[in-house]
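J.: Here is a sequence with its predicted model. Questions after.
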Amino acid sequence: MIYRHVAASQRAFVQQLAVAYVTHGYWYYVTGCIPEHKDVLRVDDKLIAKYNIAISKWARSRRKRQGLANVHYIRHGQFFVLIATRGLHRFFDEEGQCVRDIRHQPIHFAGYSISYRLGVDRKWHASVRIHPVEYNELKNHLLDMATCRSVETIRRELARLPYEPYAPVRRQLLNILRAINRARSKAGFQPVSLSAIRMSRRVVKVFHPPGGNTIATASGEGDSTCRRSRCFVPTQEAAACHNCQA
């Protein structure tokens, strides 16, 4: 059977991992980055065959009833995740101490921290939030702008952040907005309205069509960001960003 595993964008990768896998009991994982000199398709085929991943949903159900684990594989660019449910599987024997539990050690990808934790409703949920290091850098960057830039400039900066507003991300961005407005209030400036933050998450197509691009981010998504640690502009705008100039 055809097993689709190449995420069309960073957003798609995070969406599939959190919503389709972690939410449904896939908690044990290993991550890796395929070297650029290697053929990613051959590596994909090798891992999918090694762990017998390309099986039907009915086969997965049978394995679950038998106390056996199931494994999924997903890749974006060179980065991949193998992620499994609880149970017996060759995956745990082969990967050994490299296997991590997402409930205790989040997956870090594209500025996100992806985990499984208790929510404010005291129920367990997949959790997608801005990684603490990225969050602190972003907050400091925006606070530096708070009292020396116009409302519209700050709104544009918030609007082009690359993070999808999952519930934890929304809370983080609202915390930043409150800090911005406290600083602006002390300086006697107009506050930035709540509408500057996007509240609804866009659901995206997860996988490339057959024969589609297996390396680059899907065009038009605008979800790759500048590689400089303190710059949060999309890559297509990086040439115009003074932080990105060589």
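T.: Everything's here; your move. Quick caveat, the model's predicted, so the values are computed rather than measured. Residues are numbered from 1 along each chain as shown.
J.: Could I get the full set of helices for this protein?
T.: In the chain, the helices defined using DSSP state H lie at 10-15, 40-50, 57-65, 90-95, 132-146, 151-159, 167-186.
J.: Touching the fourth one from outside, list them.
T.: Defining contact as Cβ atoms under 8 Å, 6 or more residues apart in numbering, one finds that helix 90-95 is touched by Y28, V30, K50, Y51, N52, A69, V71, L82, A84, V99. Where you see a C-beta, it was placed from the backbone N, CA and C, and this is true even at glycine.
J.: circling back: between the helices of the chain, which gets nearest to M199?
T.: Evaluated with Cβ to Cβ, the helices of the chain place helix 167-186 nearest to M199, the distance being 6.3 Å.
J.: chain center to the closest one, what's the gap?
T.: 22 Å (Cα atoms, centre = their mean, to the nearest Å).
J.: now swap in stretch 75-87 and tell me
T.: Going by Cα atoms, centre = their mean, where stretch 75-87 is centred and where its chain is centred differ by 13 Å.
J.: buried residues in that stretch?
T.: The neighbour-count check on stretch 75-87 (16 or more other Cβ atoms under 10 Å) flags R75, H76, G77, F79, F80, V81, L82, I83, A84, T85, R86, G87 as buried.
J.: Keep only those of those residues that are in strands.
T.: R75, H76, F79, F80, V81, L82, I83, A84 (DSSP state E).
J.: Can you get me a residue count around the residue lying closest to V43 once chain neighbours are set aside?
T.: Of all residues not flanking V43 in the chain, I34 sits nearest, at 5.1 Å (Cβ to Cβ, 6 or more residues apart in numbering). Neighbour count of I34, defined by other Cβ atoms under 10 Å: 18.
J.: Check the one 3 residues further on too.
T.: Other residues lying near H37 total 5 when counted by other Cβ under 10 Å.
J.: Over to the one 4 residues further on?
T.: By the criterion of other Cβ under 10 Å, L41 has 13 neighbours.
J.: With H131 instead?
T.: Counted with other Cβ under 10 Å, residues neighbouring H131 total 17.
J.: ditto for F109
T.: 18.
J.: On the pLDDT front, check it for me.
T.: Per-residue confidence (pLDDT) for F109: 97.
J.: Beta-bridge partners for it, please?
T.: Y112 (DSSP bridges).
J.: For it, give its distance to Y29.
T.: Distance, F109 to Y29, by Cβ to Cβ, to the nearest Å: 11 Å.
J.: before we move on, what about L143?
T.: 34 Å.
J.: and these two? which has more neighbours close in?
T.: Between L143 and Y29, Y29 has the larger neighbour count (other Cβ under 10 Å), namely 24 against 14.
J.: how about the nearest residue to that one, chain neighbours excluded?
T.: Per Cβ to Cβ, 6+ apart, closest to Y29 is I83, 4.2 Å.
J.: Would you check that my belief about that neighbour contacting H72 is correct?
T.: Yes: the pair I83 / H72 is scored as a contact, 5.4 Å apart, by Cβ atoms under 8 Å.
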